[in-house]
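>>> sequence plus predicted model, see below.
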Amino acid sequence: MTKIAIIGSQGSGRTTLASKLGKKGNVTDVAMYDFARSGIILTATDATGYPKSIKPLVTALNLADIALLCIPPEGPDAYTGECMVALDTLGYRHGIVVLSKSDTTYPYALDELRDNLKKITAGTVLENWEYVYVSTTTFDGIEDMKGMIATISERVDSELAERNDLPPRVVIDHVFNVTGIGCVVLGMVTEGTIHAKAKMVVQPAGKQVEIRSIQMHDVNVTSAPAGARVGLALKSIQSKDVDRGCVISEEGTGVVATDFTLNCTISRFTQRIMVGDMLHLFSGLQATPVRVEGIVVGGTDGTDEVVWADSDHAEPGSECVLKLTGSKRLAYDRSDRFVLANLDCEKQRFVGYGFSESIPLTPQPNN
Ligand SMILES: Nc1nc2c(ncn2[C@@H]2O[C@H](COP(=O)(O)OP(=O)(O)OP(=O)(O)O)[C@@H](O)[C@H]2O)c(=O)[nH]1
Ligand SMILES: [Mg+2]
């Protein structure tokens with residue numbers, strides 16, 4: 001199945017494009033559009049609440065494997081730039097740059113815009129993404145875009161297949177209480193294969209549950225592989241105990257914590273981080289405010305030897321260790337990427353990313 005996130009600045013044609021890809025379903029701070037016909041199953045998520053809030057942007061990207069970045073003929077603005085930093089910070093692998101509203105400009109202007117964007121995105125995850133010129137008014141480019149999506153989707157499927165044998169994990173994005181059934185959740189199998197009747201744990205609540213039944217696109221199934229979008233009826237839990245972002249995993253796998261020590265890469269496009277700063281930490285669909293309690297940076301001290309030392313700040317573009325304290329429990333795996341944001345930053349709100357497991361850091365000269 002193909003999962004797409006439609007992102008971009010205000011008025012970039014996101015909602016109109018989403019409506020051409022599927023039928024409108026669930027709406028919260030993101031709107032989902034579903035399509036299932038002639039063997040193609042597709043979900044497109046429109047980050048409707050963005051740019052007012054960055055959470056719907058992170059949510060939409062986490063719910064998808066392929067991003068469509070919409071840029072209108074007026075060209076990129078600050079929010080387009082922020083979307084690019086978000087994609088880079090998330091290490092987003094697959095996407096297409098959609099030059100939208102193509103009927104309102106000239107072909108040479110679109111070529112010029114594409115060439116400029118290629119320069120801007122050099123060195124980012126977007127550097128090798130394909131471009132397509134699309135009009136939802138004349139339908140020009142729509143079929144080309146669908147063809148590109150199908151090609152990328154095949155690559156995504158083979159990547160996901162490699163994750164089928166990992167311990168199973170489902171990330172929940174919607175929760176309902178259905179009369180006569182109880183707690184029903186919608187979510188994504190991010191790794192492994194889940195089975196009906198399996199005993200699992202909902203984290204960070206730490207509640208043991210049984211998967212009563214599994215549905216994929218309204219059809220009952222007995223198992224669902226990595227990459228599947230599923231509806232699950234859960235036994236032994238009430239819907240009030242489950243939130244968006246909760247994770248269903250096997251007993252004994254994963255970590256739950258409120259404080260974090262992360263090896264971080266700070267974006268070049270943010271401001272200096274100071275001890276005492278309040279940041280926002282994202283892990284999948286979970287988010288929590290955190291305080292920067294400590295910063296460790298590496299320097300060469302003028303010699304060949306690398307010295308790691310406490311600092312009161314970290315510079316944009318640097319690597320550092322951030323000690324963060326929060327108040328909300330997050331469930332994660334040791335290999336998960338965390339994303340940091342500063343909601344007060346005026347330039348753009350994404351600060352960087354980090355991992356809790358040890359990764360080699362590059363020391364910064366002259367620190
Ligand atoms: N001519 C033309 N107009 C378009 C096209 N796509 C969208 N529009 C118009 O552009 C405006 C914005 O489109 P939306 O789809 O609402 O864009 P959006 O990114 O969802 O906008 P917000 O959610 O309001 O930020 C609307 O008036 C659309 O009718 C297109 O391909 N051609
Ligand atoms: Mg919209």
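Looks like it came in fine. Ligands and ions are numbered 1, 2, ... in the order given.

>>> burial of residue 342, as a residue count?
19 (other C-beta atoms under 10 Å). Heads up, the C-betas are built off the backbone N, CA and C, glycines and all.

>>> that one and residue 351 touch, don't they?
Yes: at 5.1 Å, residue 342 counts as touching residue 351 under the criterion of C-beta atoms under 8 Å.

>>> now do the end-to-end distance for stretch 235-245.
Start to finish, the residues bounding stretch 235-245 are 19 Å apart (C-alpha to C-alpha, to the nearest Å).

>>> before we move on, what about stretch 203-221?
Start-to-end, stretch 203-221 (C-alpha to C-alpha) is 24 Å.

>>> per-residue confidence averaged over that stretch?
Averaging the model's pLDDT scores along stretch 203-221 yields 94.

>>> tell me the buried residues in it?
Within stretch 203-221, the residues that qualify as buried are 203, 204, 205, 207, 209, 211, 212, 213, 214, 215, 216, 221, counting by 16 or more other C-beta atoms under 10 Å.

>>> same question, stretch 58-67
Neighbour-count burial for stretch 58-67, counted by 16+ other C-beta under 10 Å, picks out 58, 59, 60, 61, 62, 63, 64, 65, 66, 67.

>>> likewise stretch 283-299?
Applying a neighbour-count criterion of 16+ other C-beta under 10 Å, one finds 283-288, 290, 292, 295-299 buried in stretch 283-299.

>>> distance from the chain centre to that stretch, please.
Mean C-alpha position of stretch 283-299 versus that of the full chain (C-alpha atoms, centre = their mean, to the nearest Å) differs by 17 Å.

>>> now do stretch 6-16
Distance, stretch centre to chain centre, for stretch 6-16: 17 Å (C-alpha atoms, centre = their mean).

>>> who touches it?
Contacts with stretch 6-16, where a contact means C-beta atoms under 8 Å, 6 or more residues apart in numbering, come from 17-18, 21, 31, 44-48, 50-51, 57, 60-61, 67-72, 76-80, 83, 86, 98, 100-101, 134, 136.

>>> the helix or strand that contains residue 154 near ligand 1 anywhere?
Using DSSP states H and E, residue 154 maps to helix 142-161. No: using C-beta under 6 Å from any ligand atom, helix 142-161 never reaches ligand 1; the gap is at least 9.4 Å.

>>> sorry, back to before: give me the subset of the buried residues of stretch 283-299 lying in helices.
Using DSSP state H, no member of the buried residues of stretch 283-299 falls within helices.

>>> which one of those sits closest to residue 263?
Nearest to residue 263 among those: residue 296, at 9.5 Å, using C-beta to C-beta.

>>> OK, contacts around whatever residue of the stretch 51-200 of the chain ends up closest to ligand 2?
Ligand 2 sits closest to residue 70 of the stretch 51-200 of the chain, with a gap of 9.8 Å, by C-beta to the ion. Counting by C-beta under 8 Å, 6+ apart, residue 70 makes contact with 6, 7, 8, 9, 12, 13, 14, 17, 98, 100.

>>> what does the stretch 1-150 of the chain put close to ligand 1?
8, 10-16, 100-101, 103-104, 135-137.

>>> and with 8 Å instead?
With C-beta under 8 Å from any ligand atom as the criterion, the stretch 1-150 of the chain comes near ligand 1 at residues 8-19, 46, 48, 51, 70, 72, 100-104, 134-138.

>>> which residues touch the residue nearest the centre of the chain?
For the chain, the residue nearest the mean C-alpha position is residue 62 (2.9 Å; C-alpha atoms, centre = their mean). By C-beta under 8 Å, 6+ apart, residue 62 lies in contact with 90, 171, 284, 285.
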